[in-house]
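Novice: What would the 3D arrangement of this be:
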Amino acid sequence: MSVDNRVWAGRIQTALRLVFPPLCLGCGNPVASEWGLCAECWRETAFIGGLVCDACGVPLPGDDPGEPVLCDGCMAHPPPWAQGRAALLYEGTGRRLVLALKHGDRHEIVRPAARWLAAAARPLLRPGAVVAPVPLHWRRLFRRRFNQSALLGKAVASDLGLVHVPDLLLRDRRTPVLDGLGREARFATLEDAIRIAPRHRPLIEGRPVLLVDDVMTTGATLSAAARACLASGASEICVLALARVAHRP
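Specialist: Okay, here's the model as predicted:
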């Protein structure tokens with residue numbers, strides 16, 4: 001781009017900012033930059049950091065001992081994946097952003113969310129990994145028109161320089177909404193509900209897979225997806241969620 005073109009592009013961008021000022025992703029109030037949060041929404045956004053469970057990403061009390069640690073839940077019920085992380089706690093602004101993306105068609109949330117996910121995913125990166133979203137049943141996808149996990153997966157794969165396969169997994173059986181169900185009921189509901197698309201089996205044989213979802217609660221959906229990948233020859237599974245449900249004491 002020539003100097004003159006850059007000058008005109010800058011002027012146009014300035015004019016657009018005057019007409020359409022950047023707004024907070026959380027509350028819609030004006031902010032200084034695109035895809036940002038105002039001070040109040042930032043304070044209400046619980047980014048996950050410090051010591052976390054190496055398997056599910058839930059925050060843990062205490063200092064980092066310098067080696068992987070597991071929460072009580074993952075020690076009692078080891079997940080079928082190797083490592084897991086989440087960017088936010090599913091509360092406050094984090095919860096509002098997830099729901100706005102999922103049910104409000106707020107696709108502008110994907111770009112900043114991908115940056116947060118990419119930062120959280122650093123311990124999960126494996127050479128040659130394939131990124132895949134948790135799938136929706138085709139009827140739910142038709143009604144919603146998009147899979148929010150696929151949007152997140154595509155964006156984070158681009159940020160990390162990894163291959164994204166949005167249709168790697170299929171959800172053959174339409175399952176009921178899991179809200180309100182306990183752990184055992186969630187796992188029973190999702191048993192054998194997810195499988196690998198046959199044409200993609202050769203793609204993941206002997207390769208690691210990074211599964212992406214918007215929210216991790218009990219891990220039932222991610223467990224079903226991870227088992228499907230392992231059954232089709234994937235070498236290792238890691239999981240990544242935008243938000244993690246964590247019950248505070």
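Novice: And the strands in the protein?
Specialist: Here the chain has its strands, by DSSP state E, at 83-89, 130-133, 163-164, 169-171, 194-196, 208-216, 236-244.
Novice: any idea of the mean pLDDT in the third one?
Specialist: Model confidence over strand 163-164 averages 97 on the pLDDT scale.
Novice: Could you do the second one as well?
Specialist: Taken as a whole, strand 130-133 carries a mean pLDDT of 98.
Novice: Let me have the strands of the chain in JSON lines, adding distance to Lys102 as columns.
Specialist: In short, each C-beta sits where N, CA and C put it, glycine included. Formatted as JSON lines, these follow (distance: least, C-beta to C-beta, whole Å):
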{"stretch": "strand 83-89", "distance to Lys102": "14"}
{"stretch": "strand 130-133", "distance to Lys102": "13"}
{"stretch": "strand 163-164", "distance to Lys102": "19"}
{"stretch": "strand 169-171", "distance to Lys102": "16"}
{"stretch": "strand 194-196", "distance to Lys102": "19"}
{"stretch": "strand 208-216", "distance to Lys102": "6"}
{"stretch": "strand 236-244", "distance to Lys102": "10"}
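Novice: mind putting the ones you listed in TSV, mean neighbour count and distance to Gly36 included?
Specialist: Converted to TSV, those look like this (neighbours: other C-beta atoms under 10 Å; distance: least, C-beta to C-beta, whole Å):
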stretch	mean neighbour count	distance to Gly36
strand 83-89	25	15
strand 130-133	26	25
strand 163-164	16	25
strand 169-171	22	33
strand 194-196	22	36
strand 208-216	25	20
strand 236-244	26	17
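Novice: just for this protein, where's the confidence low?
Specialist: For the chain, the stretches with pLDDT under 70 are 1-20, 32-33, 35, 176, 179-181, 247-249.
Novice: for it, what spans make up the helices?
Specialist: Taking DSSP state H, the helices of the chain run over residues 3-19, 39-43, 72-76, 92-103, 110-120, 138-144, 148-160, 183-190, 201-204, 220-231.
Novice: just how off-centre is the shortest one within its chain?
Specialist: Read that as helix 201-204. Relative to the centre of its chain, helix 201-204 is centred 22 Å away, using C-alpha atoms, centre = their mean, to the nearest Å.
Novice: cool, and the fifth one?
Specialist: Distance, stretch centre to chain centre, for helix 110-120: 8 Å (C-alpha atoms, centre = their mean).
Novice: helices and strands around that helix, which ones?
Specialist: Secondary structure elements in contact with helix 110-120, counted by 3 or more C-beta pairs under 8 Å, 6 or more residues apart in numbering; DSSP states H and E, are strand 83-89, helix 92-103, helix 148-160, strand 236-244.
Novice: that older thread, export the helices of the chain as JSON lines, with columns for distance to Ile237 and mean neighbour count.
Specialist: Shown next, in JSON lines, are those (distance: least, C-beta to C-beta, whole Å; neighbours: other C-beta atoms under 10 Å):
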{"stretch": "helix 3-19", "distance to Ile237": "42", "mean neighbour count": "9"}
{"stretch": "helix 39-43", "distance to Ile237": "33", "mean neighbour count": "14"}
{"stretch": "helix 72-76", "distance to Ile237": "14", "mean neighbour count": "13"}
{"stretch": "helix 92-103", "distance to Ile237": "22", "mean neighbour count": "19"}
{"stretch": "helix 110-120", "distance to Ile237": "16", "mean neighbour count": "20"}
{"stretch": "helix 138-144", "distance to Ile237": "23", "mean neighbour count": "12"}
{"stretch": "helix 148-160", "distance to Ile237": "14", "mean neighbour count": "22"}
{"stretch": "helix 183-190", "distance to Ile237": "15", "mean neighbour count": "15"}
{"stretch": "helix 201-204", "distance to Ile237": "10", "mean neighbour count": "17"}
{"stretch": "helix 220-231", "distance to Ile237": "4", "mean neighbour count": "23"}
